[in-house]
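Undergrad: Below are the sequence and a predicted model for it; my questions follow.
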Amino acid sequence: SAVISQKPSRDICQRGTSLTIQCQVDSQVTMMFWYRQQPGQSLTLIATANQGSEATYESGFVIDKFPISRPNLTFSTLTVSNMSPEDSSIYLCSVVIGTGELFDEQFFGPGTRLTVL
Amino acid sequence: QKEVEQNSGPLSVPEGAIASLNCTYSDRGSQSFFWYRQYSGKSPELIMFIYSNGDKEDGRFTAQLNKASQYVSLLIRDSQPSDSATYLCAVNEAGANNLFFGTGTRLTVIP
């Protein structure tokens, strides 16, 4: 497994501002993802954070709104830009650990609880 | 659009009973299937994975996979109040590591 930390753990922000969330892993990992979990909902994949290149975004998510950085194999940031109350959610980073078998295991960070007023 | 469907519940079972959680998926190319447990206010925790048809047992948990029917389930034997949580079914995107999650089934084990 991997130890994943996120900062901040929670924040309350004003409409129109931006927040950058950090994700730190205790070991080098190839694949990192960012998910969103809106209140009472399941997880939705925002993007794959690619080291050394632009992130790969899922349908409905764009780089201008959710810019992502991945400067090395242990760290990534997600910025939620020009926030609105609809962005209130838990944001989770996850990493994939190879098992040497058909599948890889994916582990989640503790999440960042964002409230936008 | 990959779809993963679960009964949202809530599912209530008495302590000691078997809890049965079900999940269907739309992508026939999916190869790996995961069950996560999520306690309220916490992040998801991987509890089971399966990628071959049939049953896989791990302690009180049994995962069942039927690729022909595009169906995966999780059985929890001797349910305990500490099993009360939301259980998320996740399916990988064929050829990738992306996971698609169901909406989760909220399980309550009644003492």
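TA: Received it, and whenever you're ready, just let me know what you need.
Undergrad: And for B:Tyr71, nearest residue in space, chain neighbours not counted?
TA: The shortest distance from B:Tyr71 to any non-neighbouring residue, by CB to CB, 6 or more residues apart in numbering or on different chains, is to B:Thr24 (5.4 Å). All C-beta spots, glycine's among them, are computed from the backbone N, C-alpha and C.
Undergrad: Next one: that neighbour from chain A, what distance?
TA: Shown here: B:Thr24 relative to chain A, a distance of 14 Å by CB to the nearest CB, to the nearest Å.
Undergrad: quick one: which helix or strand includes that residue?
TA: With elements taken from DSSP states H and E, the one containing B:Thr24 is strand B:19-25.
Undergrad: For that strand, which residues meet the burial criterion?
TA: B:Ala19, B:Leu21, B:Asn22, B:Cys23, B:Thr24, B:Tyr25 (16 or more other CB atoms under 10 Å in any protein chain shown).
Undergrad: Just put the residues you listed in a markdown table and tack on pLDDT.
TA: A markdown table is the format used below for the buried residues of strand B:19-25 (pLDDT from 0 to 100):
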| residue | pLDDT |
| --- | --- |
| B:Ala19 | 97 |
| B:Leu21 | 97 |
| B:Asn22 | 96 |
| B:Cys23 | 96 |
| B:Thr24 | 96 |
| B:Tyr25 | 93 |
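Undergrad: what's the closest of those to A:Pro67?
TA: The shortest gap between A:Pro67 and any of the buried residues of strand B:19-25 belongs to B:Tyr25, at 31.2 Å (CB to CB).
Undergrad: That closest one touches B:Ser69, doesn't it?
TA: No: counting by CB atoms under 8 Å, B:Tyr25 does not reach B:Ser69; the two are 10.1 Å apart.
Undergrad: picking that back up, residues contacting the residue nearest to B:Tyr71?
TA: By CB atoms under 8 Å, 6 or more residues apart in numbering or on different chains, the contact list for B:Thr24 reads B:Val4, B:Glu5, B:Ser69, B:Gln70, B:Tyr71, B:Val72.
Undergrad: wait, which of the residues you listed is closest to A:Leu92?
TA: For the contacts of B:Thr24, the nearest to A:Leu92 is B:Val4 (17.1 Å; CB to CB).
Undergrad: Name the nearest residue to that closest one, ignoring sequence neighbours.
TA: Closest to B:Val4 by CB to CB, 6+ apart is B:Gly102, at 4.0 Å.
Undergrad: per-residue pLDDT, the one you found?
TA: Per-residue confidence (pLDDT) for B:Gly102: 93.
Undergrad: Count the neighbours of it for me.
TA: By the criterion of other CB atoms under 10 Å in any protein chain shown, B:Gly102 has 26 neighbours.
Undergrad: Backbone dihedrals for it, both of them.
TA: phi -80, psi 180 (degrees, to the nearest 10).
Undergrad: quick one, what contacts A:Leu45?
TA: So A:Leu45 contacts A:Phe33, A:Trp34, A:Tyr35, A:Glu58, B:Asn98, B:Leu99, B:Phe100 (CB under 8 Å, 6+ apart).
Undergrad: If we use 7 Å, what do you get?
TA: Going by CB atoms under 7 Å, 6 or more residues apart in numbering or on different chains, A:Leu45 touches A:Phe33, A:Tyr35, A:Glu58, B:Asn98.
Undergrad: what about the first one, which helix or strand?
TA: By that I understand A:Phe33. Using DSSP H and E, A:Phe33 maps to strand A:31-37.
Undergrad: Run a quick neighbour tally on the residue nearest to A:Val95 when sequence neighbours are not counted.
TA: Closest residue in space to A:Val95, ignoring its immediate chain neighbours: A:Val29 at 4.3 Å, by CB to CB, 6+ apart. By other CB under 10 Å, the residues close to A:Val29 number 19.
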